[in-house]
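> predicted structure and sequence below. I'll ask about it afterward.
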Protein chains: 2
Amino acid sequence: MTAAKNDKLTIRDIAALAGVSAGTVSRAMNGQPGVGASTRARIAEIIAEHGFRVDPTARQLSTGRSRTLGVLFPLHASEVVLHPVYPALLGALGDAAERAGYDLLLLTMSGQKSAHVLDTVTRRRVDGVVLPAAGARDPIIKQLVALGAPTVLIGHRSTLPGVGWVDCTHDVAAAELTQLMLDAGRRSLVLLNGPTHVSACKLRSAGFWSAIKAAGDISARETSVPFDTAAAAAAALDLLRGDNPPDAIVCASDTIAAGVLDAARTLGLSVPDDLAVSGFDDRSFAVHTHPALTTVRMPLHDTGHAAAHMLFAMLGDEPLTSRRIILPTEVVIRDSTPQP
Amino acid sequence: MTAAKNDKLTIRDIAALAGVSAGTVSRAMNGQPGVGASTRARIAEIIAEHGFRVDPTARQLSTGRSRTLGVLFPLHASEVVLHPVYPALLGALGDAAERAGYDLLLLTMSGQKSAHVLDTVTRRRVDGVVLPAAGARDPIIKQLVALGAPTVLIGHRSTLPGVGWVDCTHDVAAAELTQLMLDAGRRSLVLLNGPTHVSACKLRSAGFWSAIKAAGDISARETSVPFDTAAAAAAALDLLRGDNPPDAIVCASDTIAAGVLDAARTLGLSVPDDLAVSGFDDRSFAVHTHPALTTVRMPLHDTGHAAAHMLFAMLGDEPLTSRRIILPTEVVIRDSTPQP
DNA sequence: CCGGTTTACGCAACCGGTTGCGTTATCTTG
DNA sequence: CAAGATAACGCAACCGGTTGCGTAAACCGG
């Protein structure tokens, strides 16, 4: 057996084996100067032979670094995993962390109980924090920067100094979809937006209106509904039965779009001929709706990856990169909009 | 300000404030005997006033416990979060951990690179491990028990001594669905199963065949396909075009069932009149297919919850419970099977 | 009021690494 | 070859808690 088990070796055991002091072993392991070449080689050999691994807890206690990144959601964990985009972000962050030799600590925060999270950061159980669900109003962001914790936001373009963020082009995607509707001859559009305090929804609104403004004489409205299929269906029924019913509805999420499809079916409208519908998120069910949903795929894997590496750069592990990154989205055209 | 910030207080600072030794503060904090009532009260007051919090790293170094539970997936993180059931389990585990004051460390393991994971366990960065994706063949399970790590499996009924597990009644659910088909008069059934090495698929097969056997003179077959809509569609086309085409297909997942629905549509078959179809998992898209899918909802939240508390019991935090738990499933009847 | 037990608390070692500083050995260079 | 510079390494303190053991004071019954 070479580098197998034999647990619980300490650095002083290795030092004794090599006939040196513990400090020398530590320096040799960490590639620091002050160790002779032959000694270094001998120590490396002994470490490999006995399968010694440093105790991360002890190292952390003396260095103050844990090689762990925290992923913080101001939600219950069970809410996180049901979300359309958070799980994918978490997965990408996990991949990047594993590849960089970091561990991933999942931090959840029900309500405003930030004490435990701040404590975890203060005590350096995590070296930095990614917030994939950061809202503009969350006080936790300011608290984290006040603590000096390297912080990266996803989906919220904060202006706070020191914090980095990664976001994607919600506005461009919304504009593209809107233009798609206009190009197909639709002249009465509605943006069925999500809650307007959500950063992504603000951007989607901006994209929608910029395309409308550029087109000139178009009838356009915007309404806000929760990210909920039933609520969206009710809102869509109102719109479609009211004055000047829309011939195209741009929705801020696939769940909302699913509600619109339900409403269209209820009224016997044909999609996309009578009504064009688009979603956002490209959730798994988007391909199973009837008709299959035109939607927007966000670069979730790249986003998580970029956020992780931005954090590693802040921690000094990698060369500095930009602290503000905007990644491109991709419009996925299916059958709920007219074919170009 | 009472219990606000003022970071970096040590237990010796508190001891000096209270006019006692660090050891006494430690004992007072942890509710150990050997501290007078008045001293205890004074220490508690000073701790509250200054907002002192123990350093979990230092505590871990001396006690060997981290109040952290590991969730181990022998996969890449990005594969985990795309899975139909793992995210929900992760969420439930996270909720339970937060409520119990535990942190959650996400451990992923690409390929057979178990060294880092075993190291994390050996060094007690986690007090115990939950494996929501345990396969019968995984050597990691034996390695964990060899290390003496409290281990709880989800979805794999291991016979190894010491390990606990939580599973649900895949067999009963499959039998119920099969019986549903039989009660509706279907006489040519197919189980379109997933990969047969998956524990849940074995159970689903057993349930299917037990219902068939009990019914007597029935034509029944079983085929295995990957959990993939396109592959399932191809297999279903073969079956439906072949001799003795089935009038009911019980599928081992919603993704497989979606493929069967696609095949039925291709052939112009009416579901459920010509062909009854059922899925498994109750994924979000099951309600959006046409017709909406009859499927099985698994008690994912309860499963995660039970696994977490079984682990806490093993760690001595809670009274002992059973180490083998089987939770009931729920058949969700929608429109892809004949109404009873 | 006294011997013996219990209680309250301090002291110091320990968990397992890291690191500043001092000492000795080796290497330059004039 | 002597003197100064440099490299290699040991020593011990330190990170911030926990805990076994020793001791002095408070308590007990007789």
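Yep, that arrived.

> contact partners for the residue of the stretch 101-250 of chain A found nearest DNA strand D?
Using Cβ to the nearest atom of the strand, the closest approach of the stretch 101-250 of chain A to DNA strand D is made by A:Arg123 at 8.0 Å. C-betas here are computed from N, CA, C, even on glycine. Residues in contact with A:Arg123, defined by Cβ atoms under 8 Å, 6 or more residues apart in numbering or on different chains, are B:53, B:55-57.

> if we use 7 Å, what do you get?
B:55-57 (Cβ atoms under 7 Å, 6 or more residues apart in numbering or on different chains).

> and which of those residues is nearest to DNA strand C?
Distances from DNA strand C to those, taken by Cβ to the nearest atom of the strand, are shortest for B:Thr57, at 9.0 Å.

> let me know whether that closest one touches A:Arg59 as I believe.
No - using Cβ atoms under 7 Å as the test, B:Thr57 is too far from A:Arg59 to be in contact (9.7 Å).

> relative to A:Leu189, how far out is the closest residue to A:Asp171 other than its chain neighbours?
Computed as Cβ to Cβ, 6 or more residues apart in numbering or on different chains, the closest residue to A:Asp171 that is not its neighbour in sequence is A:Gly207, at 3.6 Å. From A:Gly207 across to A:Leu189, the span is 13 Å (Cβ to Cβ, to the nearest Å).

> within range of DNA strand D, give me the residues from the stretch 51-200 of chain A.
Selection of the stretch 51-200 of chain A residues close to DNA strand D by Cβ under 7 Å from any atom of the strand yields A:58, A:61-62.

> could you give me the ChimeraX syntax to select whichever of these are buried?
To isolate the buried ones among these in ChimeraX, judged by 16 or more other Cβ atoms under 10 Å in any protein chain shown, type:
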select /A:61
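
> the host helix or strand of A:Val277 and chain B in contact?
With secondary structure defined by DSSP states H and E, A:Val277 is part of strand A:276-278. No - against chain B, strand A:276-278 shows no contacts by Cβ under 7 Å from any Cβ of the partner chain, the least distance being 13.3 Å.

> quick check: next helix or strand after that strand?
Assigned by DSSP H and E, the successor of strand A:276-278 is strand A:295-297.

> still on that earlier bit, restricted to helices, list the residues of the stretch 51-200 of chain A next to DNA strand D.
Counting by DSSP state H, the part of these found in helices is A:58, A:61-62.

> and which of the residues you listed is nearest A:Cys168?
Top of the list for closeness to A:Cys168, among these and by Cβ to Cβ, is A:Leu61 at 39.4 Å.

> tell me the contacts of A:Ile325?
By Cβ under 7 Å, 6+ apart, the contact set of A:Ile325 is A:166, A:306.

> where does it land in three-state SS?
Three-state assignment for A:Ile325 (DSSP: H, G, I helix; E, B strand; the rest coil): strand.

> beta partners for it?
A:Val166 (DSSP bridges).

> pLDDT score for it?
pLDDT, A:Ile325: 97.

> repeat that for the one 5 residues further on.
Note on A:Glu330: pLDDT of 98.

> my read: it touches A:Arg297, true?
Yes - between A:Glu330 and A:Arg297 there is a contact under Cβ under 7 Å: 4.6 Å.

> so which residues of chain A form helices?
All helices of chain A, identified by DSSP H, fall at A:11-18, A:22-29, A:37-50, A:56-63, A:77-80, A:86-100, A:115-122, A:139-146, A:170-183, A:199-215, A:229-241, A:254-267, A:300-314.

> and the longest one, average pLDDT?
When the per-residue pLDDT values of helix A:199-215 are averaged, the result is 96.

> could you check the angle that helix makes with helix A:170-183?
Angle of helix A:199-215 versus helix A:170-183, following axes from the mean of the first three to the mean of the last three Cα atoms, to 10 degrees, is 40 degrees.

> put the alpha carbons of helix A:199-215 into PDB.
Extracted C-alpha coordinates of helix A:199-215, given in PDB (Å, rounded to 0.1, in the frame of the first residue of the first chain):
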ATOM      1  CA  SER A 199     -33.900  43.300 -11.400                       C
ATOM      2  CA  ALA A 200     -34.300  41.000 -14.300                       C
ATOM      3  CA  CYS A 201     -37.900  42.200 -14.800                       C
ATOM      4  CA  LYS A 202     -36.800  45.800 -14.900                       C
ATOM      5  CA  LEU A 203     -34.400  44.900 -17.700                       C
ATOM      6  CA  ARG A 204     -36.900  43.000 -19.600                       C
ATOM      7  CA  SER A 205     -39.300  45.900 -19.400                       C
ATOM      8  CA  ALA A 206     -36.600  48.200 -20.700                       C
ATOM      9  CA  GLY A 207     -35.900  45.900 -23.600                       C
ATOM     10  CA  PHE A 208     -39.500  45.600 -24.500                       C
ATOM     11  CA  TRP A 209     -40.100  49.300 -24.500                       C
ATOM     12  CA  SER A 210     -37.000  50.100 -26.500                       C
ATOM     13  CA  ALA A 211     -38.100  47.900 -29.300                       C
ATOM     14  CA  ILE A 212     -41.600  49.400 -29.100                       C
ATOM     15  CA  LYS A 213     -40.300  52.900 -29.200                       C
ATOM     16  CA  ALA A 214     -38.000  52.100 -32.200                       C
ATOM     17  CA  ALA A 215     -40.900  50.700 -34.100                       C
END
